[in-house]
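Asks: here is my input; please provide its structure:
(2 chains)
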Amino acid sequence: MIRFTNTLSRQVEEFKPEGDTVTMYVCGVTPYDASHIGHAMSYVVFDNVKRYLMWKGFAVKHVQNFTDIDDRIIERANRLKMTTDELVEKYINMYCDDMRDLNIIPPDVYPYATREVPEMIEIISGLIEKGYAYEAPSHLSEWSDVYYRVSAKKDYGKLSHRTQDSLMAGARVESGEEKETPADFALWKGAKKDEPSWDSPWGKGRPGWHIECSAMSLKYLGERIDIHGGGEDLIFPHHENEIAQTEAYSGAVPFVRYWLHNAWVKMGDEKMSKSLGNFITIRDGLNKVGGDGLRLWVMTSHYRKPLSFSEATLEAAKNGADRLRTAARTPSEPGDGGIDLNTFRERFAAAMDDDLNTPQALAVLFDLAKEINRCRDEGKGVAGAQAFLLEIAGVLGLKLEEGGAAIEAAPFVDLLVQIRTELRAAKQFALSDRIRDGLAGLSITLEDGPQGTTWKQD
RNA sequence: GGCGACGUAGCCAAGUGGUAAGGCAGGGGUCUGCAAAACCCCCAUCACCGGUUCGAAUCCGGUCGUCGCCUCCA
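Replies: Okay, the predicted model is just below:
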(Lines give C-alpha, C1' and ligand atoms only; values in the text may rest on other atoms or scores of the structure.)
Protein backbone atom coordinates (compact mmCIF):
# COMPACT_ATOMS: atom_id res chain seq x y z
CA MET A 1 0.00 0.00 0.00
CA ILE A 2 1.54 3.26 -1.14
CA ARG A 3 1.05 6.28 1.07
CA PHE A 4 1.79 9.92 0.34
CA THR A 5 1.54 13.06 2.42
CA ASN A 6 -1.20 15.11 0.82
CA THR A 7 -0.71 18.84 1.31
CA LEU A 8 -4.46 19.33 1.00
CA SER A 9 -5.27 17.28 4.11
CA ARG A 10 -1.84 17.50 5.74
CA GLN A 11 -2.24 13.80 6.32
CA VAL A 12 -0.47 10.72 5.07
CA GLU A 13 -3.06 9.05 2.83
CA GLU A 14 -3.26 5.76 1.02
CA PHE A 15 -2.70 6.29 -2.69
CA LYS A 16 -5.48 5.00 -4.90
CA PRO A 17 -5.53 6.29 -8.46
CA GLU A 18 -8.91 7.04 -9.93
CA GLY A 19 -8.46 5.20 -13.22
CA ASP A 20 -6.19 2.63 -14.79
CA THR A 21 -3.52 5.18 -15.55
CA VAL A 22 -2.07 7.44 -12.89
CA THR A 23 -2.30 11.03 -14.08
CA MET A 24 0.49 13.25 -12.85
CA TYR A 25 1.20 16.92 -13.46
CA VAL A 26 4.45 18.48 -12.29
CA CYS A 27 5.17 22.20 -12.43
CA GLY A 28 8.03 22.88 -14.78
CA VAL A 29 10.60 25.61 -15.10
CA THR A 30 10.56 29.15 -16.37
CA PRO A 31 13.50 28.96 -18.76
CA TYR A 32 15.18 32.34 -18.37
CA ASP A 33 18.40 31.10 -16.76
CA ALA A 34 20.33 27.90 -15.97
CA SER A 35 18.59 25.57 -13.52
CA HIS A 36 20.19 25.05 -10.12
CA ILE A 37 20.35 22.00 -7.90
CA GLY A 38 17.21 23.06 -6.09
CA HIS A 39 15.36 22.41 -9.33
CA ALA A 40 17.24 19.14 -9.63
CA MET A 41 15.88 18.09 -6.25
CA SER A 42 12.30 18.63 -7.33
CA TYR A 43 12.61 16.78 -10.62
CA VAL A 44 14.50 13.88 -9.06
CA VAL A 45 11.81 13.54 -6.40
CA PHE A 46 8.97 13.35 -8.90
CA ASP A 47 10.96 11.10 -11.18
CA ASN A 48 11.26 8.75 -8.21
CA VAL A 49 7.53 8.93 -7.62
CA LYS A 50 6.97 8.01 -11.23
CA ARG A 51 9.57 5.25 -11.36
CA TYR A 52 8.27 3.69 -8.18
CA LEU A 53 4.67 3.74 -9.39
CA MET A 54 5.80 2.11 -12.63
CA TRP A 55 7.77 -0.51 -10.73
CA LYS A 56 4.63 -1.31 -8.76
CA GLY A 57 2.83 -1.91 -12.04
CA PHE A 58 0.98 1.36 -12.58
CA ALA A 59 0.82 3.05 -15.94
CA VAL A 60 1.68 6.73 -15.51
CA LYS A 61 0.85 9.67 -17.74
CA HIS A 62 3.05 12.59 -16.83
CA VAL A 63 2.72 16.17 -18.07
CA GLN A 64 5.14 18.96 -17.30
CA ASN A 65 4.95 22.50 -18.61
CA PHE A 66 7.41 25.12 -19.75
CA THR A 67 6.42 28.62 -18.69
CA ASP A 68 7.87 30.23 -21.76
CA ILE A 69 6.43 33.71 -21.29
CA ASP A 70 6.55 35.84 -18.15
CA ASP A 71 8.01 39.06 -16.74
CA ARG A 72 11.44 37.63 -16.07
CA ILE A 73 11.77 36.21 -19.56
CA ILE A 74 10.77 39.49 -21.15
CA GLU A 75 13.13 41.44 -18.94
CA ARG A 76 16.08 39.11 -19.52
CA ALA A 77 15.53 38.94 -23.27
CA ASN A 78 15.42 42.72 -23.49
CA ARG A 79 18.62 43.03 -21.52
CA LEU A 80 20.42 40.50 -23.71
CA LYS A 81 18.95 41.96 -26.89
CA MET A 82 17.42 38.63 -27.82
CA THR A 83 13.88 37.64 -28.63
CA THR A 84 12.01 35.81 -25.91
CA ASP A 85 11.85 32.77 -28.20
CA GLU A 86 15.62 32.67 -28.59
CA LEU A 87 16.18 33.02 -24.87
CA VAL A 88 13.65 30.33 -24.06
CA GLU A 89 15.04 27.89 -26.59
CA LYS A 90 18.53 28.24 -25.21
CA TYR A 91 17.54 27.48 -21.64
CA ILE A 92 15.07 24.75 -22.52
CA ASN A 93 17.86 22.95 -24.35
CA MET A 94 20.11 23.37 -21.35
CA TYR A 95 17.37 22.09 -19.06
CA CYS A 96 16.77 19.02 -21.21
CA ASP A 97 20.48 18.22 -21.21
CA ASP A 98 20.51 18.50 -17.43
CA MET A 99 17.51 16.19 -17.11
CA ARG A 100 19.01 13.65 -19.47
CA ASP A 101 22.22 13.50 -17.44
CA LEU A 102 20.20 13.18 -14.24
CA ASN A 103 18.50 10.17 -15.81
CA ILE A 104 15.04 11.75 -15.53
CA ILE A 105 12.40 9.97 -17.62
CA PRO A 106 10.96 12.67 -19.91
CA PRO A 107 7.27 13.56 -19.42
CA ASP A 108 4.76 12.22 -21.92
CA VAL A 109 3.86 15.78 -22.83
CA TYR A 110 6.00 18.91 -22.47
CA PRO A 111 3.52 21.69 -23.30
CA TYR A 112 4.62 25.30 -23.80
CA ALA A 113 2.46 28.06 -22.34
CA THR A 114 2.62 30.14 -25.50
CA ARG A 115 1.19 27.28 -27.55
CA GLU A 116 -1.88 26.89 -25.36
CA VAL A 117 -3.19 30.45 -25.38
CA PRO A 118 -6.55 29.69 -27.04
CA GLU A 119 -7.30 27.11 -24.36
CA MET A 120 -6.47 29.62 -21.65
CA ILE A 121 -8.68 32.28 -23.22
CA GLU A 122 -11.54 29.83 -23.27
CA ILE A 123 -11.15 29.14 -19.56
CA ILE A 124 -10.89 32.82 -18.69
CA SER A 125 -14.01 33.56 -20.71
CA GLY A 126 -15.83 30.78 -18.91
CA LEU A 127 -14.78 32.15 -15.55
CA ILE A 128 -16.06 35.60 -16.45
CA GLU A 129 -19.40 34.13 -17.53
CA LYS A 130 -19.76 32.31 -14.24
CA GLY A 131 -18.89 35.39 -12.22
CA TYR A 132 -15.53 34.17 -11.03
CA ALA A 133 -13.55 36.72 -12.97
CA TYR A 134 -13.84 40.27 -14.22
CA GLU A 135 -12.27 42.54 -16.78
CA ALA A 136 -10.60 45.66 -15.43
CA PRO A 137 -8.84 48.59 -17.05
CA SER A 138 -5.08 48.73 -16.75
CA HIS A 139 -3.14 51.94 -16.38
CA LEU A 140 -0.05 50.28 -17.85
CA SER A 141 -1.66 49.16 -21.07
CA GLU A 142 -4.17 50.37 -23.56
CA TRP A 143 -5.85 46.98 -23.14
CA SER A 144 -7.64 45.42 -20.20
CA ASP A 145 -6.50 43.03 -17.50
CA VAL A 146 -8.65 40.16 -16.27
CA TYR A 147 -8.64 39.18 -12.59
CA TYR A 148 -9.90 36.19 -10.69
CA ARG A 149 -12.43 37.16 -8.01
CA VAL A 150 -11.13 35.37 -4.94
CA SER A 151 -14.20 36.17 -2.85
CA ALA A 152 -16.40 34.22 -5.27
CA LYS A 153 -15.08 30.84 -4.17
CA LYS A 154 -15.79 30.01 -0.57
CA ASP A 155 -13.07 27.42 -0.12
CA TYR A 156 -10.27 29.59 -1.48
CA GLY A 157 -7.26 28.98 0.75
CA LYS A 158 -7.91 25.30 1.38
CA LEU A 159 -4.55 24.12 0.10
CA SER A 160 -2.36 26.61 1.95
CA HIS A 161 -4.76 26.61 4.90
CA ARG A 162 -5.21 30.32 5.00
CA THR A 163 -8.32 32.36 5.49
CA GLN A 164 -9.32 35.00 3.01
CA ASP A 165 -9.03 37.64 5.74
CA SER A 166 -5.43 36.76 6.45
CA LEU A 167 -4.66 36.92 2.76
CA MET A 168 -6.11 40.38 2.38
CA ALA A 169 -3.65 41.70 4.92
CA GLY A 170 -0.57 40.57 3.01
CA ALA A 171 -1.77 40.96 -0.54
CA ARG A 172 -0.07 43.36 -2.83
CA VAL A 173 -1.46 45.71 -5.42
CA GLU A 174 0.88 46.90 -8.13
CA SER A 175 0.41 50.47 -9.13
CA GLY A 176 -1.72 50.62 -12.22
CA GLU A 177 -3.87 47.65 -11.31
CA GLU A 178 -7.60 48.00 -10.78
CA LYS A 179 -8.40 44.96 -8.66
CA GLU A 180 -11.66 44.77 -6.73
CA THR A 181 -9.74 43.44 -3.75
CA PRO A 182 -6.00 43.06 -3.20
CA ALA A 183 -6.05 39.26 -3.06
CA ASP A 184 -7.47 38.93 -6.58
CA PHE A 185 -4.91 37.71 -9.08
CA ALA A 186 -4.31 38.18 -12.79
CA LEU A 187 -5.68 35.71 -15.32
CA TRP A 188 -4.79 37.92 -18.23
CA LYS A 189 -2.46 40.88 -18.46
CA GLY A 190 -3.03 43.66 -20.98
CA ALA A 191 0.02 44.09 -23.22
CA LYS A 192 2.48 46.84 -22.45
CA LYS A 193 4.26 48.56 -25.28
CA ASP A 194 6.56 46.23 -27.28
CA GLU A 195 5.71 43.13 -25.29
CA PRO A 196 4.91 39.81 -26.92
CA SER A 197 1.12 39.57 -27.01
CA TRP A 198 -1.84 37.57 -28.24
CA ASP A 199 -5.28 38.69 -29.38
CA SER A 200 -8.14 38.06 -27.00
CA PRO A 201 -11.68 39.24 -26.25
CA TRP A 202 -10.03 41.84 -23.97
CA GLY A 203 -7.59 43.12 -26.54
CA LYS A 204 -3.91 42.33 -26.82
CA GLY A 205 -2.24 40.73 -23.88
CA ARG A 206 -0.73 37.62 -22.37
CA PRO A 207 -1.78 35.00 -19.86
CA GLY A 208 -1.13 35.27 -16.14
CA TRP A 209 1.15 32.77 -14.53
CA HIS A 210 -1.29 30.36 -12.94
CA ILE A 211 -3.73 29.85 -15.78
CA GLU A 212 -1.37 27.85 -17.97
CA CYS A 213 -1.23 24.92 -15.57
CA SER A 214 -5.01 24.83 -15.38
CA ALA A 215 -5.32 24.81 -19.15
CA MET A 216 -2.65 22.18 -19.69
CA SER A 217 -3.79 19.78 -17.01
CA LEU A 218 -7.38 20.03 -18.24
CA LYS A 219 -6.36 19.48 -21.83
CA TYR A 220 -3.88 16.65 -21.42
CA LEU A 221 -5.03 14.92 -18.23
CA GLY A 222 -8.69 15.81 -17.74
CA GLU A 223 -10.78 17.55 -15.10
CA ARG A 224 -9.57 15.41 -12.21
CA ILE A 225 -6.00 14.29 -11.86
CA ASP A 226 -4.32 11.98 -9.39
CA ILE A 227 -1.07 13.70 -8.53
CA HIS A 228 0.10 17.27 -8.81
CA GLY A 229 3.67 17.94 -7.78
CA GLY A 230 5.97 20.86 -7.30
CA GLY A 231 8.17 22.72 -4.87
CA GLU A 232 6.80 23.73 -1.51
CA ASP A 233 7.17 27.37 -2.44
CA LEU A 234 4.48 26.92 -5.08
CA ILE A 235 1.76 26.06 -2.57
CA PHE A 236 0.90 29.69 -2.27
CA PRO A 237 -0.04 31.46 -4.37
CA HIS A 238 0.48 29.31 -7.46
CA HIS A 239 -1.26 26.06 -6.60
CA GLU A 240 -3.91 27.74 -4.48
CA ASN A 241 -4.85 29.86 -7.45
CA GLU A 242 -4.70 26.93 -9.81
CA ILE A 243 -7.23 25.05 -7.71
CA ALA A 244 -9.54 28.05 -7.57
CA GLN A 245 -9.50 28.57 -11.33
CA THR A 246 -9.76 24.98 -12.36
CA GLU A 247 -12.49 23.95 -9.95
CA ALA A 248 -14.51 27.09 -10.62
CA TYR A 249 -14.30 26.46 -14.34
CA SER A 250 -14.86 22.71 -14.54
CA GLY A 251 -17.00 22.17 -11.46
CA ALA A 252 -15.10 18.92 -10.85
CA VAL A 253 -13.92 18.81 -7.24
CA PRO A 254 -11.30 18.02 -6.22
CA PHE A 255 -9.27 19.00 -9.23
CA VAL A 256 -6.25 17.21 -7.74
CA ARG A 257 -6.55 14.22 -5.43
CA TYR A 258 -2.99 14.16 -4.09
CA TRP A 259 -0.92 17.31 -3.80
CA LEU A 260 2.77 16.48 -3.29
CA HIS A 261 5.34 19.12 -2.44
CA ASN A 262 9.06 18.84 -1.96
CA ALA A 263 11.03 21.01 0.47
CA TRP A 264 13.90 23.23 -0.59
CA VAL A 265 17.68 22.98 -0.75
CA LYS A 266 19.43 24.95 1.93
CA MET A 267 22.85 26.52 1.76
CA GLY A 268 23.95 26.73 5.35
CA ASP A 269 20.86 28.04 7.07
CA GLU A 270 19.35 29.73 4.07
CA LYS A 271 17.16 28.55 1.23
CA MET A 272 19.00 28.23 -2.05
CA SER A 273 17.39 30.62 -4.50
CA LYS A 274 18.18 32.76 -7.43
CA SER A 275 17.22 35.94 -5.67
CA LEU A 276 19.77 35.29 -2.92
CA GLY A 277 22.40 34.37 -5.51
CA ASN A 278 23.53 31.40 -3.42
CA PHE A 279 23.04 28.61 -5.89
CA ILE A 280 25.08 26.18 -7.91
CA THR A 281 23.83 24.98 -11.24
CA ILE A 282 22.84 21.44 -12.07
CA ARG A 283 25.67 21.36 -14.60
CA ASP A 284 28.22 22.26 -11.91
CA GLY A 285 26.86 19.51 -9.72
CA LEU A 286 26.94 16.99 -12.55
CA ASN A 287 30.52 17.88 -13.36
CA LYS A 288 31.52 17.39 -9.74
CA VAL A 289 29.77 14.14 -8.84
CA GLY A 290 27.90 12.84 -11.89
CA GLY A 291 24.24 11.96 -12.32
CA ASP A 292 24.23 9.12 -9.80
CA GLY A 293 26.06 11.26 -7.27
CA LEU A 294 23.59 14.12 -7.56
CA ARG A 295 20.57 11.83 -7.41
CA LEU A 296 21.92 9.99 -4.42
CA TRP A 297 22.59 13.30 -2.70
CA VAL A 298 18.94 14.28 -3.17
CA MET A 299 17.75 10.94 -1.85
CA THR A 300 19.77 10.97 1.36
CA SER A 301 17.11 13.26 2.78
CA HIS A 302 13.34 12.76 2.82
CA TYR A 303 11.71 14.87 0.13
CA ARG A 304 9.59 16.84 2.55
CA LYS A 305 12.56 17.92 4.66
CA PRO A 306 15.08 20.57 3.66
CA LEU A 307 18.11 19.11 1.90
CA SER A 308 21.48 20.38 3.10
CA PHE A 309 23.95 21.38 0.46
CA SER A 310 27.68 21.56 1.04
CA GLU A 311 30.72 20.34 -0.82
CA ALA A 312 31.04 17.67 1.86
CA THR A 313 27.48 16.31 1.49
CA LEU A 314 27.86 16.22 -2.28
CA GLU A 315 31.19 14.41 -2.03
CA ALA A 316 29.72 11.94 0.47
CA ALA A 317 26.96 11.15 -2.01
CA LYS A 318 29.47 10.53 -4.77
CA ASN A 319 31.48 8.17 -2.57
CA GLY A 320 28.31 6.34 -1.64
CA ALA A 321 27.38 5.93 -5.29
CA ASP A 322 30.86 4.55 -5.98
CA ARG A 323 30.36 2.00 -3.23
CA LEU A 324 27.08 0.80 -4.73
CA ARG A 325 28.64 0.68 -8.17
CA THR A 326 31.54 -1.48 -7.00
CA ALA A 327 29.15 -3.91 -5.36
CA ALA A 328 26.89 -4.10 -8.39
CA ARG A 329 29.51 -4.21 -11.15
CA THR A 330 32.46 -6.23 -9.89
CA PRO A 331 32.40 -9.34 -12.08
CA SER A 332 31.05 -12.46 -10.41
CA GLU A 333 29.81 -15.97 -11.15
CA PRO A 334 26.07 -16.67 -11.47
CA GLY A 335 24.16 -17.15 -8.25
CA ASP A 336 22.48 -15.24 -5.45
CA GLY A 337 25.20 -16.05 -2.92
CA GLY A 338 22.59 -17.47 -0.58
CA ILE A 339 21.20 -13.97 0.01
CA ASP A 340 17.45 -13.82 0.64
CA LEU A 341 16.59 -11.31 -2.05
CA ASN A 342 12.90 -11.36 -1.19
CA THR A 343 13.60 -9.85 2.20
CA PHE A 344 15.47 -7.03 0.55
CA ARG A 345 12.69 -6.56 -1.98
CA GLU A 346 10.15 -6.28 0.80
CA ARG A 347 12.24 -3.88 2.85
CA PHE A 348 12.79 -1.68 -0.18
CA ALA A 349 9.11 -1.63 -1.07
CA ALA A 350 8.09 -0.93 2.52
CA ALA A 351 10.40 2.08 2.65
CA MET A 352 9.17 3.47 -0.65
CA ASP A 353 5.52 2.77 0.20
CA ASP A 354 5.95 4.92 3.26
CA ASP A 355 5.68 8.34 1.64
CA LEU A 356 8.69 7.70 -0.57
CA ASN A 357 11.19 7.25 2.26
CA THR A 358 14.29 7.25 0.09
CA PRO A 359 16.78 7.46 2.99
CA GLN A 360 15.48 4.14 4.24
CA ALA A 361 15.32 2.71 0.75
CA LEU A 362 18.97 3.64 0.28
CA ALA A 363 19.84 1.94 3.54
CA VAL A 364 18.40 -1.24 2.02
CA LEU A 365 20.63 -0.84 -1.04
CA PHE A 366 23.71 -0.34 1.13
CA ASP A 367 22.85 -3.35 3.27
CA LEU A 368 22.43 -5.45 0.14
CA ALA A 369 25.71 -4.13 -1.26
CA LYS A 370 27.47 -5.22 1.91
CA GLU A 371 25.96 -8.72 1.66
CA ILE A 372 26.98 -9.00 -1.97
CA ASN A 373 30.56 -7.96 -1.21
CA ARG A 374 30.83 -10.35 1.69
CA CYS A 375 29.47 -13.33 -0.20
CA ARG A 376 31.70 -12.55 -3.15
CA ASP A 377 34.71 -12.36 -0.83
CA GLU A 378 33.74 -15.83 0.33
CA GLY A 379 33.96 -17.02 -3.26
CA LYS A 380 30.24 -17.37 -3.87
CA GLY A 381 28.62 -16.38 -7.17
CA VAL A 382 26.50 -13.27 -6.67
CA ALA A 383 25.64 -12.18 -10.22
CA GLY A 384 21.92 -12.69 -9.55
CA ALA A 385 22.02 -10.56 -6.43
CA GLN A 386 23.92 -7.92 -8.35
CA ALA A 387 21.23 -7.89 -11.00
CA PHE A 388 18.64 -7.34 -8.30
CA LEU A 389 20.66 -4.51 -6.78
CA LEU A 390 20.75 -2.89 -10.20
CA GLU A 391 17.00 -3.35 -10.51
CA ILE A 392 16.10 -1.52 -7.30
CA ALA A 393 18.82 1.08 -7.87
CA GLY A 394 17.13 1.66 -11.20
CA VAL A 395 13.83 2.35 -9.42
CA LEU A 396 15.71 5.24 -7.81
CA GLY A 397 17.11 6.28 -11.17
CA LEU A 398 20.66 5.18 -10.36
CA LYS A 399 22.54 3.68 -13.29
CA LEU A 400 25.68 2.56 -11.44
CA GLU A 401 27.56 2.44 -14.72
CA GLU A 402 31.32 2.34 -14.97
CA GLY A 403 32.83 5.43 -16.50
CA GLY A 404 33.20 4.81 -20.20
CA ALA A 405 35.14 7.80 -21.45
CA ALA A 406 38.44 5.91 -21.62
CA ILE A 407 37.15 3.25 -23.93
CA GLU A 408 39.26 4.47 -26.84
CA ALA A 409 42.38 4.22 -24.71
CA ALA A 410 41.45 0.82 -23.31
CA PRO A 411 43.89 -1.24 -25.42
CA PHE A 412 46.78 0.96 -24.28
CA VAL A 413 45.77 0.76 -20.65
CA ASP A 414 45.44 -3.00 -20.97
CA LEU A 415 48.93 -3.17 -22.43
CA LEU A 416 50.40 -1.15 -19.55
CA VAL A 417 48.56 -3.31 -17.03
CA GLN A 418 49.95 -6.44 -18.66
CA ILE A 419 53.52 -5.10 -18.59
CA ARG A 420 53.06 -4.08 -14.97
CA THR A 421 51.88 -7.58 -14.12
CA GLU A 422 55.09 -8.97 -15.57
CA LEU A 423 57.16 -6.42 -13.66
CA ARG A 424 55.41 -7.38 -10.41
CA ALA A 425 56.05 -11.04 -11.11
CA ALA A 426 59.72 -10.08 -11.42
CA LYS A 427 59.42 -8.03 -8.19
CA GLN A 428 60.26 -4.84 -10.04
CA PHE A 429 58.01 -2.90 -7.70
CA ALA A 430 59.53 0.53 -8.26
CA LEU A 431 58.74 0.36 -11.96
CA SER A 432 55.33 -1.23 -11.48
CA ASP A 433 54.37 1.48 -9.00
CA ARG A 434 55.42 4.13 -11.49
CA ILE A 435 52.92 2.72 -13.94
CA ARG A 436 50.18 2.67 -11.33
CA ASP A 437 50.93 6.22 -10.18
CA GLY A 438 51.18 7.48 -13.72
CA LEU A 439 47.81 6.02 -14.65
CA ALA A 440 46.32 7.41 -11.45
CA GLY A 441 47.37 10.83 -12.68
CA LEU A 442 45.25 10.14 -15.77
CA SER A 443 42.24 9.17 -13.62
CA ILE A 444 42.79 5.45 -14.11
CA THR A 445 42.70 3.44 -10.89
CA LEU A 446 44.31 0.01 -10.78
CA GLU A 447 43.20 -2.67 -8.32
CA ASP A 448 45.15 -5.86 -7.80
CA GLY A 449 42.89 -8.76 -6.87
CA PRO A 450 43.27 -12.52 -6.56
CA GLN A 451 42.15 -12.94 -10.18
CA GLY A 452 44.52 -10.33 -11.51
CA THR A 453 44.50 -6.60 -11.98
CA THR A 454 41.42 -4.60 -12.96
CA TRP A 455 41.18 -0.93 -13.74
CA LYS A 456 38.53 1.71 -13.90
CA GLN A 457 38.23 5.34 -14.78
CA ASP A 458 37.08 7.81 -12.12
C1' G B 1 1.11 39.53 12.66
C1' G B 2 -1.00 34.74 10.04
C1' C B 3 0.31 29.70 8.44
C1' G B 4 4.08 25.90 8.63
C1' A B 5 8.71 23.12 9.37
C1' C B 6 12.93 21.86 12.12
C1' G B 7 16.75 21.08 16.33
C1' U B 8 19.39 12.95 16.60
C1' A B 9 27.21 11.11 16.63
C1' G B 10 32.75 15.24 13.34
C1' C B 11 29.24 15.98 8.74
C1' C B 12 24.60 14.31 6.25
C1' A B 13 20.30 11.66 7.76
C1' A B 14 16.18 7.63 9.06
C1' G B 15 13.39 6.33 13.18
C1' U B 16 7.28 9.32 16.07
C1' G B 17 5.77 4.80 22.75
C1' G B 18 9.49 -0.52 24.15
C1' U B 19 15.90 0.79 25.43
C1' A B 20 19.09 4.73 18.52
C1' A B 21 18.84 2.48 10.27
C1' G B 22 22.17 3.92 6.56
C1' G B 23 26.02 6.97 4.15
C1' C B 24 30.50 10.05 4.46
C1' A B 25 34.67 11.04 7.51
C1' G B 26 37.82 8.86 11.57
C1' G B 27 40.37 4.78 14.59
C1' G B 28 41.94 -0.55 15.00
C1' G B 29 42.43 -5.26 12.38
C1' U B 30 42.33 -9.01 7.89
C1' C B 31 43.96 -9.32 2.84
C1' U B 32 48.15 -7.04 -0.31
C1' G B 33 55.20 -6.58 -2.27
C1' C B 34 52.99 -1.71 -1.11
C1' A B 35 48.39 0.33 -2.26
C1' A B 36 43.31 0.35 -3.73
C1' A B 37 38.78 -2.15 -3.23
C1' A B 38 36.40 -5.43 0.03
C1' C B 39 35.48 -7.67 4.82
C1' C B 40 35.51 -7.61 10.51
C1' C B 41 35.50 -4.44 14.96
C1' C B 42 34.99 0.57 17.35
C1' C B 43 32.63 5.58 17.37
C1' A B 44 25.50 9.19 19.94
C1' U B 45 20.88 8.30 24.58
C1' C B 46 18.37 12.00 20.58
C1' A B 47 18.53 21.29 22.15
C1' C B 48 16.89 22.33 27.37
C1' C B 49 13.18 22.05 31.54
C1' G B 50 8.83 19.86 33.55
C1' G B 51 4.78 16.28 32.98
C1' U B 52 1.97 11.59 31.34
C1' U B 53 3.42 6.27 31.23
C1' C B 54 5.65 0.05 33.70
C1' G B 55 8.47 2.34 29.70
C1' A B 56 9.62 8.46 25.54
C1' A B 57 14.20 10.68 20.82
C1' U B 58 9.05 9.35 19.89
C1' C B 59 2.88 11.93 23.64
C1' C B 60 1.58 16.80 26.49
C1' G B 61 3.17 21.81 28.41
C1' G B 62 6.98 25.38 28.52
C1' U B 63 11.95 27.58 27.27
C1' C B 64 15.86 28.53 23.82
C1' G B 65 17.55 28.36 18.80
C1' U B 66 17.10 27.91 13.33
C1' C B 67 14.43 28.12 8.85
C1' G B 68 10.32 28.49 5.11
C1' C B 69 5.68 30.63 2.92
C1' C B 70 2.51 34.97 3.15
C1' U B 71 5.97 39.11 -3.26
C1' C B 72 8.87 36.03 -8.57
C1' C B 73 10.76 31.19 -6.84
C1' A B 74 11.65 23.87 -7.38
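Asks: end-to-end on stretch A:21-40?
Replies: End-to-end span of stretch A:21-40 (C-alpha to C-alpha, to the nearest Å): 26 Å.
Asks: quick one: it near RNA strand B?
Replies: Yes - judged by C-beta under 7 Å from any atom of the strand, stretch A:21-40 and RNA strand B are in contact via A:27, A:29, A:30, A:38, A:39. For glycine as for every other residue, the C-beta is placed from the backbone atoms N, C-alpha and C.
Asks: cool, and stretch A:305-312?
Replies: Yes - counting by C-beta under 7 Å from any atom of the strand, RNA strand B is contacted by stretch A:305-312 at A:305, A:306, A:307, A:308, A:310, A:312.
Asks: narrow these to those that are buried.
Replies: A:306, A:307 (16 or more other C-beta atoms under 10 Å).
Asks: quick one: which of the residues of stretch A:21-40 next to RNA strand B sit in helices?
Replies: A:38, A:39 (DSSP state H).
Asks: with respect to RNA strand B, which of the residues of stretch A:21-40 next to RNA strand B is nearest?
Replies: Nearest to RNA strand B among the residues of stretch A:21-40 next to RNA strand B is residue A:38, at 2.5 Å by C-beta to the nearest atom of the strand.
Asks: for that closest one, give me its contacts.
Replies: Counting by C-beta atoms under 8 Å, 6 or more residues apart in numbering, residue A:38 makes contact with A:231, A:264, A:265, A:272, A:273, A:279.
Asks: which phi and psi does the residue of chain A found nearest RNA strand B have?
Replies: Distances between chain A and RNA strand B by C-beta to the nearest atom of the strand are smallest at residue A:231, namely 1.9 Å. Note on residue A:231: backbone dihedrals following degrees, to the nearest 10 are phi -70, psi 150.
Asks: contacts only, for the nearest residue to it once chain neighbours are set aside.
Replies: Leaving out its chain neighbours, the residue that sits closest to residue A:231 by C-beta to C-beta, 6 or more residues apart in numbering is residue A:42, at 5.1 Å. Residues counted as contacts of residue A:42 (C-beta under 8 Å, 6+ apart) are A:26, A:229, A:230, A:231, A:262.
Asks: residue A:42: what secondary structure?
Replies: At residue A:42, secondary structure determined by DSSP: H, G, I helix; E, B strand; the rest coil is helix.
Asks: between the residues of stretch A:21-40 next to RNA strand B, identify the one with the most neighbours.
Replies: Highest neighbour count within those, by other C-beta atoms under 10 Å: residue A:38, with 24 neighbours.
Asks: pLDDT score assigned to that one?
Replies: Turning to residue A:38, the model gives it a pLDDT of 95.
Asks: buried sites along the worst-scoring helix or strand of chain A on mean pLDDT?
Replies: Every helix and strand of chain A was ranked by mean pLDDT, DSSP states H and E. The lowest is helix A:164-170, at a mean of 73. Within helix A:164-170, the residues that count as buried by 16+ other C-beta under 10 Å are A:164, A:167.
Asks: and that helix, what does it pack against?
Replies: Applying 3 or more C-beta pairs under 8 Å, 6 or more residues apart in numbering; DSSP states H and E, we find helix A:164-170 packed against no helix or strand.
Asks: now the element after that helix, going C-ward?
Replies: strand A:185-190 (DSSP states H and E).
Asks: can you list the strands that that next one pairs with?
Replies: When pairs are called by DSSP bridges, strand A:185-190 turns out to pair with strand A:144-148 (antiparallel), strand A:205-207 (antiparallel).
Asks: which residues in the stretch 301-450 of chain A form helices?
Replies: Ranges of helices within the stretch 301-450 of chain A are A:311-329, A:341-353, A:358-377, A:383-395, A:410-425, A:429-440, based on DSSP state H, counting those that start in this stretch.
Asks: of the ones you listed, which is nearest residue A:401?
Replies: Checking the helices of the stretch 301-450 of chain A against residue A:401 by C-beta to C-beta gives helix A:311-329 as the closest, at 7.5 Å.
Asks: show me what the closest one is packed up against.
Replies: On a contact count with 3+ C-beta pairs under 8 Å, 6+ apart, helix A:311-329 meets helix A:282-299, helix A:358-377, helix A:383-395.
Asks: buried residues in the strand or helix carrying residue A:50?
Replies: Taking DSSP H and E as the definition, one finds residue A:50 inside helix A:37-55. For helix A:37-55, burial by neighbour count (16+ other C-beta under 10 Å) applies to A:37-53, A:55.
Asks: over to stretch A:371-388?
Replies: For stretch A:371-388, the neighbour count (16+ other C-beta under 10 Å) marks A:371-373, A:375-376, A:380-386, A:388 as buried.
Asks: go on, stretch A:213-223?
Replies: Quick answer for stretch A:213-223 (16+ other C-beta under 10 Å): A:213, A:214, A:215, A:216, A:217, A:218, A:220, A:221.
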